[in-house]
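Novice: Show me the folded form of this:
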Amino acid sequence: MKIGTGGRFVPRAALAAALLLLAPVGAAWSQSGVGDFRLRAAEDEVIYFLLPDRFANGDPSNDRGGLEGGRLTTGFDPTHPDFYHGGDLAGLTARLDYIQGLGATAVWLAPVFRNKPVQGPPGRESAGYHGYWILDFTAVDPHFGDEAAVRAFVDAAHARGLKVYLDIITNHTADVIQYAGCQGCEYRGVADWPWQRAGGIDGEAINPGFRPDRPETFAALTRTDWAYRPYVPEGERGAKTPAWLNDPVFYHNRGDSTFRGESSIYGDFAGLDGLFTEHPRVVEGFIEIYGDWIDRFGIDGFRIDTAKHVNPEFWQAFVPAMLARAEARGIPNFHIFGEVYDHDPAALARHTRVDGLPAVLDFAFQTKATDVAAGVAAPSALATVHAADALYEGGEMAALRLPTFLGNHDMGRIGWFIAKARPGIGDEELLARVTLAHALLMFSRGVPTIYYGDEQGFTGAGDYGQSRHDLFETGVPAYREGRRIGGDRPPFDIDSPLYRRIAGMAALRRDLVPLRRGRQIVRAAGDAPGLYAFSRMVEGSPGEVVVIFNTGLTPLQARVVVDPASTTWRAAHGVCPTAAAAPGVIEVEIAPLDYLVCVSGDPR
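Specialist: Here you go, the predicted model:
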C-alpha cells in the first residue's frame, strides 16, 4: 500500500488480494470436541452477539406475537427500525452453520423474555423487539417463539459445541408503574425526599426504622410515597410475572435517573420501573428466576444488563448463587459478565473487586481499539488500557475473561465509528481499517465479541435503531441503502470479505493457545499511528506468539523485542522472519494498515 497524490489511500492490487484471509472455519472446536464443550474456559470462547428479532425469520406465524391489530398493538412493523421485524429462535436455530462458520463458539442473545410489546408517549411509541422491557421473566416472548423453541435452539447449539449466553436484567422491568401528577418525572433525591417521610422532608412519618442499607429493616417498608405517589394503571395491575413484581414496594419510585450520584442506583432507567434491588425479596426473587433458566435449559452464561446501576450487595449474593446453580447443573465454566458502561479501566475494575462480578464488558478496550484502528489515537492508548489489567480482581489472568468488542446495539458499529472519524474515507481504506480493528479484537487479551452484521459489512448511521440491521432481507430503507463495507451482498454471505477475514482470525485464535490463554506483554506502542506489537505467552509453556500492527498509512520496518528464548520463527499471518536478528530481537517489515502474527517454538 502507498500514499498517492493528494494523500489518498491507494492499495496495491496484490496486497489487497492477499488481505482476503483464510476460508471460514467450518468445523466445531477441535481442541476439546463437541462432547465436552463445557470444559472450555471462558477465555477460550469467541462470542457472537445478536438480537433475535434482527437475525433470521424462521416462523412468520409469530411475527405479531399472537396479537391482533396494528403496530401499536402487536409491535410489528418490518419497515420501521424501532419495531419488531420478525426474527425468531427458529430462524436462529436454522442459521447456526453460519455462526459456527465464522469461528464463533458462544452465542449471546439479547433478552428473549416476554416484553411489553409497545410503550412510549403518543407519537413516540416503539416496540420491545430488543428485549429490555420485560413483563414476564419466566417465559419467552411469543414474537420469538415458545419454550420449545428455546429448548430446540439450546439443544442444537450444544450439539455443535456452541455455548449459549442469555442477556439478563435485574435493574428494571418494563414501564408499568406511573407517578401521580407527572410524566417523565425527574429524580428526587434522598436528602429532600427521605424514605421515612411521605412527599418530602416535612411530610408524614412513614416506614419507621427502615434503612435501605439494612436488609433486616425491610419489614418496616410499607409505604412507597416518599418521593412520588406511585400507582399501577387499572389494566396492568397483574401485568408482570412473577406476581410479586406487581407490588410497587419492590421499586425505588424516585423518578428518572440522571446517571449521576445516588440516582445511578436509585433512579428509573429512562422511565423503566427501577427495582429495589436492596430488598431481600428482590434478591431472592431474581435468584429463583434466573436459577430456573439454568436448571431448565442448561444455559452457559449470563450477560447482565445495566449492572453498574445495581447495588454491590445484590451482586455479592446473586453471582455466587448463579455459579453454584450452574455447577450443580454440570456447567463448570459458567461465564458471567456485566455491562458497566464506563471507559475508565479503574471504574470497570471496581465492579469486579467491590461487586464481585467475575467479568465486565471491556468498554475501555472498545474506545481505544476503535480510535487506534481509525488512526485518530496512537497505539500507546491501547497499551495504557492493558497496563491497567492488574486492577481487576484476579489481575492479568482475570482480564483474559473480559469480553472485548468494537461496537454494539447501543453504541453503533465499528464501520460507522471509523467513517465518522475519517470523513470521506474510501471503500478500500475503510475495509482495511475495519479489518485491522478486528485483528486487534481477535488477538488481544480478552474474549472477542463480534456484533452480528459486522461480518457482512454493515455500517449504519448512528446508534440504537440505526445499528440494528436485519441480517435477512430488510424492509427498512436505511438498512437497505446504507453503506456496506466490501460492497452489497446477499443475506448470510459466507464469501463476504469481512466474514472470511474474521473467520481466518478465529481459526488462528483457536489453533494458537497463547492467543486465548496467554499473558499479554506489550513490546512496542508508538505515540503516533504506526507500530504496535505485543506478545502472548502462557506461563510455564514454551513458545510465544507476537502480533505486530502497522496502524499508519506508510510502510514500516521495525525491530521488535521478544523473549530471548524465541530464536526460530514461523508466520501464521503475513511475512515473518525465520530467525531472531539477535537474542531477544526480530526484524519485520509491515505494510500500511496490516498486521503480522509470528510464532516461535510450538505453543499449540
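Novice: secondary structure element for the closest residue to Pro142 other than its chain neighbours?
Specialist: Nearest non-adjacent residue to Pro142, counting by C-beta to C-beta, 6 or more residues apart in numbering: Gly65, 4.3 Å away. Bear in mind the C-beta positions are built from the backbone N, C-alpha and C, glycine included. Counting by DSSP states H and E, Gly65 is held by no secondary-structure element, helix or strand.
Novice: measure Gly65 to Arg124 for me?
Specialist: 21 Å (C-beta to C-beta, to the nearest Å).
Novice: for Tyr290, same thing?
Specialist: Counting by C-beta to C-beta, the gap from Tyr290 to Arg124 is 31 Å.
Novice: same question, Glu473
Specialist: Glu473 is 28 Å from Arg124, by C-beta to C-beta.
Novice: where does the stretch 401-550 of the chain dip in pLDDT?
Specialist: Within the stretch 401-550 of the chain, no stretch has pLDDT under 70.
Novice: Check the chain too.
Specialist: Checking the chain against pLDDT under 70 turns up 1-35, 603-604.
Novice: who's more crowded, Gly65 and Arg124?
Specialist: Gly65 (21 against 8; other C-beta atoms under 10 Å).
Novice: Kindly confirm whether my reading is correct that the more buried one touches Arg71.
Specialist: No. Look at Gly65 against Arg71 with C-beta atoms under 8 Å: they stay out of range, at 11.5 Å.
Novice: Could I get the full set of strands for the stretch 451-600 of the chain?
Specialist: Secondary structure of the stretch 451-600 of the chain (DSSP state E, counting those that start in this stretch): strands located at 519-525, 531-537, 544-550, 556-561, 569-573, 585-590, 594-600.
Novice: Walk me through which strands the third one pairs with, and which way each runs.
Specialist: If you go by DSSP bridges, strand 544-550 pairs up with strand 531-537 (antiparallel), strand 594-600 (antiparallel).
Novice: Those: which one's closest to Gly486?
Specialist: With C-beta to C-beta as the criterion, Gly486 lies closest to strand 594-600 of the strands paired with strand 544-550, at 17.0 Å.
Novice: What are the contacting residues of stretch 336-343?
Specialist: Stretch 336-343 is contacted from outside by 301-308, 315, 319, 322-323, 347-348, 351, 355, 357-361, 363-364, 366-367, 401-403, using C-beta atoms under 8 Å, 6 or more residues apart in numbering.
Novice: circling back to that earlier point, show me what contacts the residue nearest to Pro142?
Specialist: Thr74, Gly75, Phe76, Tyr84, Pro117, Asp141, Pro142, His143.
Novice: Kindly recompute the last result at 10 Å.
Specialist: The contact partners of Gly65, taken as C-beta atoms under 10 Å, 6 or more residues apart in numbering, are 73-76, 84, 88, 114-115, 117, 127-129, 141-144.
Novice: At which residues are the strands of the stretch 51-200 of the chain located?
Specialist: Under the criterion DSSP E, counting those that start in this stretch, strands of the stretch 51-200 of the chain are mapped to 106-109, 113-115, 118-119, 126-127, 134-140, 163-168, 172-173, 178-179.
Novice: any chance of the ones you listed in a markdown table, with distance to Pro592 and mean neighbour count too?
Specialist: Output for the strands of the stretch 51-200 of the chain, formatted as a markdown table (distance: least, C-beta to C-beta, whole Å; neighbours: other C-beta atoms under 10 Å):
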| stretch | distance to Pro592 | mean neighbour count |
| --- | --- | --- |
| strand 106-109 | 34 | 25 |
| strand 113-115 | 46 | 25 |
| strand 118-119 | 49 | 20 |
| strand 126-127 | 43 | 23 |
| strand 134-140 | 47 | 20 |
| strand 163-168 | 37 | 23 |
| strand 172-173 | 46 | 26 |
| strand 178-179 | 57 | 19 |
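Novice: Would you mind giving the secondary structure of Thr224?
Specialist: Using DSSP: H, G, I helix; E, B strand; the rest coil, the structure places Thr224 in coil.
Novice: pretty sure it is touching His279, no?
Specialist: No. Counting by C-beta atoms under 10 Å, Thr224 stays clear of His279, with 11.5 Å between them.
Novice: shared neighbours of those two, which are they?
Specialist: Joint contacts of Thr224 and His279 (C-beta under 10 Å, 6+ apart) are Val249, Phe250, Tyr251, His252.
Novice: What's the local residue count around the first one?
Specialist: Taking other C-beta under 10 Å as the neighbour definition, Val249 ends up with a count of 16.
Novice: residues touching it, list them.
Specialist: Asn207, Phe218, Leu221, Thr222, Arg223, Thr224, Pro230, Phe276, His279, Arg281.
Novice: Who's the closest spatial neighbour of Glu589, skipping the chain neighbours?
Specialist: Per C-beta to C-beta, 6+ apart, closest to Glu589 is Gln557, 5.1 Å.
Novice: neighbours of the one you found, just the number please.
Specialist: Gln557, neighbours per other C-beta under 10 Å, totals 9.
Novice: Quick check: Phe49 vs Asp305, distance?
Specialist: Distance, Phe49 to Asp305, by C-beta to C-beta: 12 Å.
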